[in-house]
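Trainee: The sequence isn't on hand, but the structure is:
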């Protein structure tokens, strides 16, 4: 693209430079600049991107979007001066990559818990229908079965547009995207045309960034004013009920989903076993029976979100029900690991009090033996959730194994001691094993007949965030290895 085409379509304060400049991409990371990229200088929380303009130019940037031109780079490049580089980055990326979201169906999912499961369920529905879909979210970008790792639940604006363009090239017609509160606050999805929004829930999380629950809720709410076709809102969640009522008052289209409360799409008479949940389904007066292969109320609510989105986009309800019955579950979300130990070992991403509570409620529905949980809490993040997670573990479990989970610059043992205060409130039994791989092995090695062991918090997250490093960590592989070792040890 010639820079004249970009300038013709975006708003800016002034431009200094030539007319015959070619642009091939855009980024705000000077280390990732490729030849003819636009570099966007953003004043962030810890660094000012204007300091890295010179480095970006040395790496091949053909133009710079910034608030002002530093003295050391004047006359060295082509500068687009804007009032908000972050907002301009989203607009420029959309233009550079050909406005891809306008040529496909986009469903955005937001909420504290359930985003990943909902996107994969929706992706599974489209797979069953033979329609090509992709995913952008916590577990990476999924394009035709291949995954691209990402650092954030919702990538930066330029990456989103690039991934959507890549999907279009592969003939993908639907994208299911997790939309985090950070992304909504930081303009990452500003220029994405979202057709349907899904709200899962809001519980205490990310208050290190948002400061208050009201700010957190208002950030989430932004998604539902961006959508073009409809919104799917879980009204069993108190914030969801509030959101639905506010959207109705504001004249924004929404479909309610729920189990406990009246809803446009409602599940009732849930029957749960370890193999899944069967329920009665009422879709705006049409009654059906449905089954999902992951057990629990939270799984049914996630399924209703995916079902509602597909329904809003015109998919036949019977086809959706058939698809849900075929979807085997989401990797790392209430994933039951096969073993010969006569116990149930579950891998799950639950890392908040609400997430842990929901998983424990589900386990309670079928557990016959002891309940054992292994988990930790992130360092330098919402400290107030540590003891409450311990309380849930102490209340529900026969044994809690407290361990490391992204300690960052905090002492993981001290984090575990804070969690333990909650466990002790219910006189719960616990053991602190800071090394997470050892904690996994201990949980499995000490298993007894009929035990249910929950390995919670990391799931498919591929690293431990320790100090300045992201240390590779594969919980699934370590759990499967521990299972094999213990099976061998017991002669199985």
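Mentor: Received the coordinates, thanks. What you are looking at is a predicted structure, and each value in this text was computed from that prediction instead of being measured. Numbers count the residues shown, from 1 in each chain.

Trainee: Could you identify the helix or strand that succeeds the least confident helix or strand in the chain by mean pLDDT?
Mentor: Ranked by mean pLDDT, DSSP states H and E, the weakest helix or strand in the chain is helix 207-210, scoring a mean of 60. Note on helix 207-210: by DSSP states H and E, the next helix or strand toward the C-terminus is helix 213-221.

Trainee: now for that next one, which elements pack on it?
Mentor: Applying 3 or more Cβ pairs under 8 Å, 6 or more residues apart in numbering; DSSP states H and E, one finds that helix 213-221 contacts helix 181-185, helix 207-210, helix 238-249. For glycine as for every other residue, the C-beta is placed from the backbone atoms N, C-alpha and C.

Trainee: again, only using 7 Å
Mentor: Helix 213-221 sits against helix 181-185, helix 207-210, with contacts defined as 3 or more Cβ pairs under 7 Å, 6 or more residues apart in numbering; DSSP states H and E.

Trainee: what comes into contact with the next helix or strand after it?
Mentor: Per DSSP H and E, the first helix or strand lying C-terminal to helix 213-221 is strand 227-234. By Cβ atoms under 7 Å, 6 or more residues apart in numbering, the surrounding residues in contact with strand 227-234 are 193-201, 224, 240, 243-244, 247, 252-258, 301, 305, 308-309, 312-313.

Trainee: what's the burial count for the closest residue in space to residue 353 that isn't next to it in sequence?
Mentor: With sequence-adjacent residues excluded and distances taken as Cβ to Cβ, 6 or more residues apart in numbering, residue 353 is closest to residue 388, at 4.3 Å. Neighbourhood size, residue 388 [other Cβ atoms under 10 Å]: 19.

Trainee: do residue 168 as well
Mentor: Counted with other Cβ under 10 Å, residues neighbouring residue 168 total 18.

Trainee: That one: helix or strand, and which one exactly?
Mentor: Using DSSP H and E, residue 168 maps to helix 157-169.

Trainee: Just the buried ones from the contacts of strand 227-234?
Mentor: 193-201, 224, 240, 243-244, 247, 252, 254-258, 301, 305, 308-309, 312-313 (16 or more other Cβ atoms under 10 Å).

Trainee: still on that earlier bit, okay, and the residue nearest to residue 353 sits in which element?
Mentor: helix 386-396.

Trainee: next one: residue 282
Mentor: strand 276-283.

Trainee: Could you list the paired strands of that strand along with their orientation?
Mentor: Using DSSP bridges, the strands paired with strand 276-283 are strand 265-273 (antiparallel), strand 286-292 (antiparallel).

Trainee: Of all those, which one is nearest residue 46?
Mentor: strand 286-292 (42.6 Å; Cβ to Cβ).

Trainee: still on that earlier bit, any chance of the strands paired with strand 276-283 in CSV, with mean pLDDT, distance to residue 483 and mean neighbour count too?
Mentor: CSV is the format used below for these (pLDDT from 0 to 100; distance: least, Cβ to Cβ, whole Å; neighbours: other Cβ atoms under 10 Å):
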stretch, mean pLDDT, distance to residue 483, mean neighbour count
strand 265-273, 96, 22, 17
strand 286-292, 97, 26, 15
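
Trainee: State the distance from the residue nearest to residue 23 when sequence neighbours are not counted to residue 28.
Mentor: Spatial nearest neighbour of residue 23, excluding adjacent residues (Cβ to Cβ, 6+ apart): residue 1 at 4.9 Å. Remark: distance between residue 1 and residue 28 (Cβ to Cβ, to the nearest Å) = 18 Å.

Trainee: Those two: who's more crowded?
Mentor: Neighbour tally, residue 1 and residue 28, criterion other Cβ under 10 Å: the higher count belongs to residue 28, 22 against 17.

Trainee: Let me see the contact set for that one.
Mentor: Taking Cβ under 7 Å, 6+ apart as the test, what residue 28 contacts is 40, 42, 49, 89, 156.

Trainee: rewinding a little: helix or strand right after the helix holding residue 388?
Mentor: strand 399-402.

Trainee: does residue 64 sit in a helix, a strand or a coil?
Mentor: strand (DSSP: H, G, I helix; E, B strand; the rest coil).

Trainee: The one 5 residues further on too?
Mentor: Each residue gets one of three states, and residue 69 gets coil by three-state DSSP.

Trainee: gap between it and residue 158?
Mentor: Residue 69 is 21 Å from residue 158, by Cβ to Cβ.

Trainee: who has more neighbours, the two?
Mentor: residue 158 (25 against 19).

Trainee: Please give the number of neighbouring residues around the residue lying closest to that one once chain neighbours are set aside.
Mentor: Closest residue to residue 158 apart from its sequence neighbours, by Cβ to Cβ, 6+ apart: residue 93 at 4.0 Å. Number of residues near residue 93 (other Cβ under 10 Å) recorded here: 27.
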